[in-house]
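Peer 1: give me the fold of what follows.
(2 chains)
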Protein chains: 2
Amino acid sequence: MSSKPPPRYQICLIGSGGVGTIASLVLTKSGVAHVTCVLRSSYTHISQHGWEIDSIDHGKLSAWKPDRIVRSANEAAKDTNECPVIYDYVVVCTKQLPSISPIPEMISPIVTPGKTTIVMIQNGMGIEEDVIQAWPGNAVMSSVSHIGSSVKSPNTVVQIGKDVSKIGPHLHAGIDDSISIERSKEYVKMYNMGGASVCEWVDDIQLARWEKLLWNGTFNTLCALMRMDVGELQRSKGREAILVPMMWEIWNIAKAAGHPMPETIVQWMAYRLPDDCNYRPSMLLDLEHGRPMELDVILGNPLKKALDLGVDTPCMSMVHKLLKLEEWKISQNQV
Amino acid sequence: MSSKPPPRYQICLIGSGGVGTIASLVLTKSGVAHVTCVLRSSYTHISQHGWEIDSIDHGKLSAWKPDRIVRSANEAAKDTNECPVIYDYVVVCTKQLPSISPIPEMISPIVTPGKTTIVMIQNGMGIEEDVIQAWPGNAVMSSVSHIGSSVKSPNTVVQIGKDVSKIGPHLHAGIDDSISIERSKEYVKMYNMGGASVCEWVDDIQLARWEKLLWNGTFNTLCALMRMDVGELQRSKGREAILVPMMWEIWNIAKAAGHPMPETIVQWMAYRLPDDCNYRPSMLLDLEHGRPMELDVILGNPLKKALDLGVDTPCMSMVHKLLKLEEWKISQNQV
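Peer 2: Predicted structure coming up:
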């Protein structure tokens, strides 16, 4: 009688939106992981029907489920026999709303101190700091994802942009660098085994974050503030008047923080999309639906860094202040 | 047989909104003026029905008309016998949209070079410059009005705030200062004879304009950009975060331009209205109705001045750029 060997890695993933669901699929397909997904609002629907997935990387899948789905991190903390589970990796794919849902509180039941590696697939800057503070002996790493994937109905995920990501460790004093590096390289290997389009290990993950912030800190924020899609922002000349100066502010903070980017990246990032592009970035969609925006990590934390480093940020500061007023409006509607 | 003496002043007024209609009433009531009003869109309605006026200063008037109403400046240029009229004062109460409706072009038929005094009852800064350039030998003066008056139906004007204004000459090289001063003092005398609440002659009319700009350049622009009424802007803390810093920028430009205001004016201007004030400033109403905004004279010209004088204006510049994008959106909807 032959039995399947137990998977090498126990993984718990929280936040199954467009990005998280594809990540859970890739990790499951790697063949070396047992993947538990924490589904909050969608648990009942997915437990009955599974996911309908239409993916540029993985084709069409019907009624797909990861190895296990649970309602909460507390439920994930024990297996079906009520025995504690020690996770090798906790993968966090939620929106980054530190003032509403702090990550350490959210994942506390599924992180084993000194053991679990925490993987953050999220937007913004400085997002690792609270996690390192909460578990100073754990490895923490980031995946900077450029996937185009979204949830179209309660159980349909459509992935139109290839799963391209850069992954690397957040080195910190509480754990040997060699361990942090090894854990992140193992994860990259597993993720590539699962059929990701391109998953690249990088030693300077902060640089990858700053690069992505060039887009998220500018197109994402300005489209939201002005209620414009990407093409409208470009055709209105808002790109030249406001967006490019904002990009240079981000470029300057990154440089002062020790993560210089090539100068050519600003031109490339500002002009890579066509003027008829009707893409509506996530922050604009959040604003239109009265949902909280990832403002703190996308502009708030970079501005704190700029203040520490003495970098001038007139455009970013104003856009941040104006979007704070939009946040206030959203908060008023919720009362 | 006795005959009424001819009125001392021939006046033509253009722009009969809430402000202009009350001004035409006051000038008519002075008893020393013959007042012709140029009505464009409202001519037919007013010629049939006159104005219904409900005024805190003048009470209720029904079917009121000035001495003459005409359809255009060209029609005003001749009297009913087809003889040319030489106007003593041309009073301009239109919106200030220099790139859409330049004032010199608009009033050209009714200005006699070297004779007619041009009175501008309008928002913004630098509005006199084009007029002085067009008629270098004419007196030009401004009335900075703090009236609360608006058109409620095609022929109804409701004035809820008293008609308080400061009036003074724009002295310039093409005409003796003594003449400019005299013309403006005669106008103030006439306006007070007509029952204005308070009409005060001032020698530094630019100072009065800068004072009014403290409000128009901040509450008016920010309420428009954020789609907030005055109370919402205050309750959201947008006042402390953005509005007060913008006021200080205006204060600094005025000081550098030789028109210093007392420091206490910023606090007074920013905090004079209650937090439940639901007033929606004119620029917000224009934006909501897809109409052109007075952005060039309210922020554009002061920013040119700031650039000339080397005054730093990070907040004003950004708000100006962002409202330019709103202007672009309005222009797109008109195509």
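Peer 1: how about the residues of the stretch 101-250 of chain A by chain B?
Peer 2: A:L225, A:M226, A:M228, A:E232, A:L233, A:R235, A:S236, A:K237, A:G238, A:A241, A:I242 (C-beta under 8 Å from any C-beta of the partner chain). Placement of C-beta: from N, CA and C, glycine included.
Peer 1: what about 6 Å?
Peer 2: By C-beta under 6 Å from any C-beta of the partner chain, the residues of the stretch 101-250 of chain A that approach chain B are A:M226, A:S236, A:G238, A:A241, A:I242.
Peer 1: list the helices and strands the longest helix that chain A contains packs on?
Peer 2: Assignment by DSSP state H gives helix A:314-334 as the longest helix of chain A. The contact analysis (3 or more C-beta pairs under 6 Å, 6 or more residues apart in numbering or on different chains; DSSP states H and E) places helix A:314-334 against helix A:221-226, helix A:244-256.
Peer 1: in contact with A:I103, which residues?
Peer 2: By C-beta atoms under 6 Å, 6 or more residues apart in numbering or on different chains, the contact set of A:I103 is A:V131.
Peer 1: give me the contacts around the least confident helix or strand in chain A by mean pLDDT.
Peer 2: Least confident helix or strand of chain A, by mean pLDDT, DSSP states H and E, is strand A:148-153 with a mean of 88. Residues from elsewhere that reach strand A:148-153 (C-beta under 6 Å, 6+ apart): A:G17, A:G18, A:V19, A:I22, A:V157, A:V158, A:Q159, A:I160, A:G161.
Peer 1: hmm, who's touching the helix or strand just after that strand?
Peer 2: Once the chain leaves strand A:148-153, the next helix or strand it forms, by DSSP states H and E, is strand A:156-161. By C-beta under 6 Å, 6+ apart, the surrounding residues in contact with strand A:156-161 are A:18, A:21-22, A:51-56, A:147-149, A:151-152.
Peer 1: and those, which is closest to chain B?
Peer 2: A:G148 (26.0 Å; C-beta to the nearest C-beta).
Peer 1: for that closest one, name its beta-bridge partners.
Peer 2: In this structure, A:G148 bridges to A:G161 when assessed by DSSP bridges.
Peer 1: and it, how close does it get to A:V19?
Peer 2: From A:G148 across to A:V19, the span is 10 Å (C-beta to C-beta, to the nearest Å).
Peer 1: and what of A:C199?
Peer 2: Using C-beta to C-beta, A:C199 is found at 13 Å from A:V19.
Peer 1: those two: which is more packed in?
Peer 2: Higher neighbour count among A:C199 and A:V19: A:V19, with 25 against 22, using other C-beta atoms under 10 Å in any protein chain shown.
Peer 1: shouldn't that one be within a helix?
Peer 2: Yes - A:V19 sits within a helix when classified using DSSP: H, G, I helix; E, B strand; the rest coil.
Peer 1: phi and psi next, for A:S62.
Peer 2: phi -120, psi 140 (degrees, to the nearest 10).
Peer 1: residues in contact with A:A224?
Peer 2: Here A:A224 is in contact with A:M283, A:L284, A:L287 (criterion: C-beta under 6 Å, 6+ apart).
Peer 1: any idea how chain A splits into domains?
Peer 2: Taking automatic domain parsing as the criterion, chain A consists of the domains A:9-202, A:206-334.
Peer 1: hang on, the earlier thing: neighbour count, pLDDT and distance to chain B added to the contacts of A:A224, as CSV?
Peer 2: What follows is the contacts of A:A224, written out as CSV (neighbours: other C-beta atoms under 10 Å in any protein chain shown; pLDDT from 0 to 100; distance: C-beta to the nearest C-beta, whole Å):
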residue, neighbour count, pLDDT, distance to chain B
A:M283, 25, 95, 16
A:L284, 23, 96, 14
A:L287, 22, 95, 12
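Peer 1: what about the residues you listed, which are in strands?
Peer 2: The members of the contacts of A:A224 all map outside strands under DSSP state E.
Peer 1: closest one to A:S30 out of those, please.
Peer 2: Comparing the contacts of A:A224 against A:S30 with C-beta to C-beta places A:M283 closest, at 32.0 Å.
Peer 1: can you tell me how far the closest residue in space to A:A73 that isn't next to it in sequence is from chain B?
Peer 2: Closest residue to A:A73 in three dimensions, ignoring its sequence neighbours and counting by C-beta to C-beta, 6 or more residues apart in numbering or on different chains: A:P109, at 4.4 Å. Distance of A:P109 to chain B, given as C-beta to the nearest C-beta, to the nearest Å: 36 Å.
Peer 1: list the contacts of A:P109.
Peer 2: Contact partners of A:P109, counting by C-beta under 6 Å, 6+ apart, are A:A73, A:N74, A:A77.
Peer 1: which SS state does the residue nearest the centre of chain A fall under?
Peer 2: Chain A has A:Q122 as the residue nearest its centroid, 1.7 Å off, counting by C-alpha atoms, centre = their mean. Taking three-state DSSP as the rule, one finds A:Q122 in the coil state.
Peer 1: am I right that it is in contact with A:T94?
Peer 2: No - look at A:Q122 against A:T94 with C-beta atoms under 6 Å: they stay out of range, at 7.0 Å.
Peer 1: dump the C-alpha coordinates for stretch A:257-264 into PDB.
Peer 2: The C-alpha coordinates for stretch A:257-264 follow below in PDB (Å, rounded to 0.1, in the frame of the first residue of the first chain):
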ATOM      1  CA  ALA A 257      16.300  56.100   1.800                       C
ATOM      2  CA  GLY A 258      19.200  54.200   0.000                       C
ATOM      3  CA  HIS A 259      17.200  52.600  -2.800                       C
ATOM      4  CA  PRO A 260      18.100  54.700  -5.900                       C
ATOM      5  CA  MET A 261      16.200  53.900  -9.100                       C
ATOM      6  CA  PRO A 262      17.400  54.700 -12.600                       C
ATOM      7  CA  GLU A 263      16.300  58.100 -13.800                       C
ATOM      8  CA  THR A 264      14.700  56.600 -16.900                       C
END
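Peer 1: relative to chain B, which residue of the stretch 151-300 of chain A is the closest?
Peer 2: Closest point on the stretch 151-300 of chain A to chain B, by C-beta to the nearest C-beta, is A:S236, at 4.0 Å.
Peer 1: just give the number of residues close to that residue.
Peer 2: 21.
Peer 1: now it. Nearest residue, chain neighbours left out?
Peer 2: B:W328 (4.0 Å).
Peer 1: on that earlier part again, ranking the contacts of strand A:156-161 by neighbours, who comes first?
Peer 2: In terms of neighbours by other C-beta under 10 Å, the contacts of strand A:156-161 top out with A:T21 at 29 neighbours.
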